[in-house]
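> any chance you can model this:
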Amino acid sequence: MEVISQSISFQIVDSKVTVKAENLKKSNMLSGTITLDQAVQVSLKAGNSQIYNYYKFVPEESGTYAFYSESSYDTYGQLLGADYESLANNDDSGTNENFRIIYSCEAGKTYYIGIRAYDAYANGKNAELYVEKTDEDANTDDSE
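Coordinates of the predicted model:
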């Protein structure tokens, strides 16, 4: 069995982590794509390791979108822009300690929604990740 080792660097600016595009691609943190009004099943990663599952989203039309999870476990979400800059974070704005991020997105631009378990006890547990169009006011940050 061949073991592959790689290191990934992160830059911390104003208490936010900036992930370089090449590092996100190399890290296998990009789990797939998410489409409007379609649930994605996610196996949560432990919160204490801060490892996210990221899903690519490209809206067909400009507007305000809700990115959120549904789970019996506490989730944390992070929205990244096309250059992998942090746009919004959220812990408990959804129901049952789930995250909910409301963000104004532009048509044709790429976004990445990340989800992880807030606490280590939820490692390996399941959650559903959603994105839908909404009339709610956009929020940009709700850090831990």
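
> contacts, neighbours, all on C-alpha from now
Fine.

> tell me the pLDDT at residue 48?
pLDDT for residue 48: 54.

> for the most centrally placed residue in the chain, give me its contacts.
Nearest to the mean C-alpha position of the chain, counting by Cα atoms, centre = their mean, stands residue 114 at 1.4 Å. Contacts for residue 114 (Cα atoms under 8 Å, 6 or more residues apart in numbering) come out as 52, 53, 54, 55, 77, 78, 79, 80.

> any idea how many residues pack against the first one?
Spelled out, it's residue 52. 21 (other Cα atoms under 10 Å).

> that one and residue 32, how far apart?
12 Å (Cα to Cα, to the nearest Å).

> do the same with the fifth one
Residue 77 sits 16 Å away from residue 32, taking Cα to Cα as the criterion.

> between the two, which is the more surrounded one?
For residue 77 versus residue 32, neighbours defined as other Cα under 10 Å are more numerous around residue 77 (28 against 13).

> bridging residues for that one?
On the basis of DSSP bridges, residue 77 is bridged to residue 90, residue 115.

> circling back to that earlier point, quick one: least confident of the contacts of residue 114?
Ranking the contacts of residue 114 by pLDDT, residue 52 lands last with 85.

> quick one, strands of this structure?
For the chain, the strands defined by DSSP state E cover 10-13, 16-19, 30-33, 40-43, 53-57, 63-70, 75-80, 86-90, 100-105, 111-117, 126-133.

> my guess is residue 125 contacts residue 43, does it?
Yes. Counting by Cα atoms under 8 Å, residue 43 is a contact partner of residue 125 at 5.6 Å.

> re the thing from before, worst mean pLDDT among the strands of the chain?
strand 10-13 (a mean of 45).

> off-centre distance for stretch 54-72?
In terms of Cα atoms, centre = their mean, to the nearest Å, the centre of stretch 54-72 is found 9 Å from the chain centre.

> just the endpoints, please. Distance across it?
This stretch, stretch 54-72, spans 20 Å end to end (Cα to Cα).

> next, count neighbours for residue 125.
So residue 125, with other Cα under 10 Å, has 15 neighbours.
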